[in-house]
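**Student:** Give me coordinates for this.
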Amino acid sequence: MFLLKMYLLGIYSLIFFPVNAINTHVTEYSVLMYHNITLKELMSEDLPPLTFQRKMHYVATVREVKALYRLINKEIFGNRLIMPKIYVRSRLKGTWGECHGADLPYNKDKSRCIIILADRWYCKQWLIMAIAHEMCHQYEWDIISKHREREGLPPIMSHGPTFFRWRDKLKKKGIPLKKFNDHEKWFATQRLFKC
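**Tutor:** Sure thing, here's the model as predicted:
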């Protein structure tokens, strides 16, 4: 009986959601797919239906986040960032992601940050936007703060000029860089730059 219910549920989801919008888990194919695609192409992909987005059916895995991290690092940061520890959590309260900087000695082979992201998203574009946001914080902590500390200044991780220095480069790829996003405007406009 259980298998019959699961089979019928699968048919139901195929009828009511387009196949390209279903992502309850990331397949090997989708992760490998990021090797031959640009950020601009990913950001311009069709959005899933609003009902799919409202239920937050897009589920991210650590593997997918790492693949997207590599792509953003290559296209935006020129591979200057070292991949930090990345965690995907099911319950982040009041935030889509966090970047935590550790007060450790600098090591050229290791990041001093930890990035934590939510596991459920409206769509892939929101996930990419959040990863890019946290990577801008990582750049502040791992690269800018190293130079600041040599000058006797404290490390920095903020939503100030050092964070927004990446805004134009990200915008060219279709990724807005903001402090936060308005969910109501997102569902009203379906445009990342207007929410």
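
**Student:** what's the distance between Phe187 and Cys195?
**Tutor:** From Phe187 across to Cys195, the span is 8 Å (Cβ to Cβ, to the nearest Å). Yep, even glycine has a C-beta here, placed from its N, CA and C like the rest.

**Student:** Kindly apply the preceding question to Phe163 instead.
**Tutor:** 19 Å.

**Student:** what does Ala102 give?
**Tutor:** 32 Å.

**Student:** the more surrounded of the two?
**Tutor:** Using other Cβ atoms under 10 Å as the criterion, Ala102 and Cys195 rank with Cys195 on top: 19 against 12.

**Student:** Would you agree that one is in contact with Trp126?
**Tutor:** No. Here Cys195 does not reach Trp126: they are 9.7 Å apart, not a contact under Cβ atoms under 8 Å.

**Student:** Common neighbours of the two, please.
**Tutor:** Counting by Cβ atoms under 8 Å, 6 or more residues apart in numbering, the shared contacts of Cys195 and Trp126 are Asn181.

**Student:** which residues of this structure score low on pLDDT?
**Tutor:** Applying pLDDT under 70 to the chain flags residues 1-33.

**Student:** Okay, helices next: where are they in it?
**Tutor:** Secondary structure of the chain (DSSP state H): helices at 2-16, 28-33, 39-43, 50-54, 62-75, 124-139, 145-150, 161-164, 167-172, 183-189.
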